[in-house]
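J.: A predicted structure for the sequence below; I have some questions about it.
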Amino acid sequence: MLQTELGKTDAVLSALEKKRPEVAAHCRRVSALSVRLAAQYGLDRNVIETIRLGGLLHDVGKLLTPVRILNKPGRLTPEEFRHITEHTVLGERILAPLAHDRPVVLHIARSHHERLDGDGFPDGLKGGDIPIEARIVAVVDAFDAMTTNRAYRESLQPDEAFAELRRCAGLQFDPTVVDAFSTAFPDPGKLPIHA
């Protein structure tokens, strides 16, 4: 069973590597940091393993997002932004036949852009309605995105990105997860910046 699951994951990650290598690299970083954060948060080994897998696959829906939109240097139009937001639902659909026995992986793919205040996507979930695993991946996903150069902006320094996580705690991010991030990574300046 585990071997089959690993084979499925490898096949999806291989497709992501070939078509969207920068997204695959982001997913690997998010997975590694999410595992450390989940352990700090006190989750059990099986949940942490599911978070590892969910982190690896959380952006797989971007396989279906046009590259011209992912790499657009300027501001997105409302239609382009709609395409970006669809990656969460598309990721869940791609993963459903592969991870049907791991519903939390599907929750992470679908819900990692939900916000504590209910202004996220795709479902506008609020507070505790957002699965804790998705709240953990959301913090790490945002940190990695902020510390990575993007076509539309330069990266932030890790300290600046952490300050932004703190600023958005309680609105966008779960404050207890941001606190656990702070404990797991007490010196964000030592975390690498990604080109």
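T.: Happy to help now that I have it.
J.: distance of D144 relative to G74?
T.: 22 Å (C-beta to C-beta, to the nearest Å). Just so you know, the C-beta spots here come from the backbone N, C-alpha and C atoms, and that holds for glycine as well.
J.: just A15 next, same as before
T.: 28 Å.
J.: kindly report the same for L63.
T.: Taken as C-beta to C-beta, the span from L63 to G74 is 23 Å.
J.: what of V47?
T.: Taking C-beta to C-beta, one finds V47 at 40 Å from G74.
J.: okay, the two: which has more neighbours?
T.: V47 (17 against 8; other C-beta atoms under 10 Å).
J.: let me see the mean pLDDT of the helix or strand harbouring that one.
T.: Using DSSP states H and E, the element containing V47 is helix 45-57. In this model, helix 45-57 has an average pLDDT of 96.
J.: now the helix or strand following it: buried residues?
T.: Later in the chain than helix 45-57, the nearest helix or strand by DSSP H and E is helix 67-70. Judged by neighbour count using 16 or more other C-beta atoms under 10 Å, the buried positions of helix 67-70 are 69-70.
J.: now stretch 18-30
T.: Going by 16+ other C-beta under 10 Å, stretch 18-30 has these buried residues: 20, 22-30.
J.: what is the nearest of the residues you listed to L37?
T.: Minimum distance to L37 across the buried residues of stretch 18-30 is 10.0 Å, recorded for V30 (C-beta to C-beta).
J.: what's the distance between the closest one and L64?
T.: Using C-beta to C-beta, V30 is found at 19 Å from L64.
J.: same check on N149?
T.: From N149 to L64 the distance is 23 Å (C-beta to C-beta).
J.: repeat for A169
T.: Between A169 and L64 the computed distance is 32 Å (C-beta to C-beta).
J.: with neighbour numbers in mind, choose between these two.
T.: Between A169 and L64, A169 has the larger neighbour count (other C-beta under 10 Å), namely 19 against 14.
J.: please report phi then psi for the more buried one.
T.: A169 adopts backbone torsions of phi -60, psi 130, taken as degrees, to the nearest 10.
J.: when you give positions from now on, start the count at 4
T.: Let's use 4 as the start, then, which means that last one is A172.
J.: for it, give me its contacts.
T.: 178, 181-182 (C-beta atoms under 8 Å, 6 or more residues apart in numbering).
J.: again, only this time at 10 Å
T.: Shown in contact with A172 (C-beta atoms under 10 Å, 6 or more residues apart in numbering): 119, 142, 178-182, 184-185.
J.: was I right about A102 contacting T12?
T.: Yes. With contact defined as C-beta atoms under 10 Å, A102 counts as touching T12 (8.6 Å).
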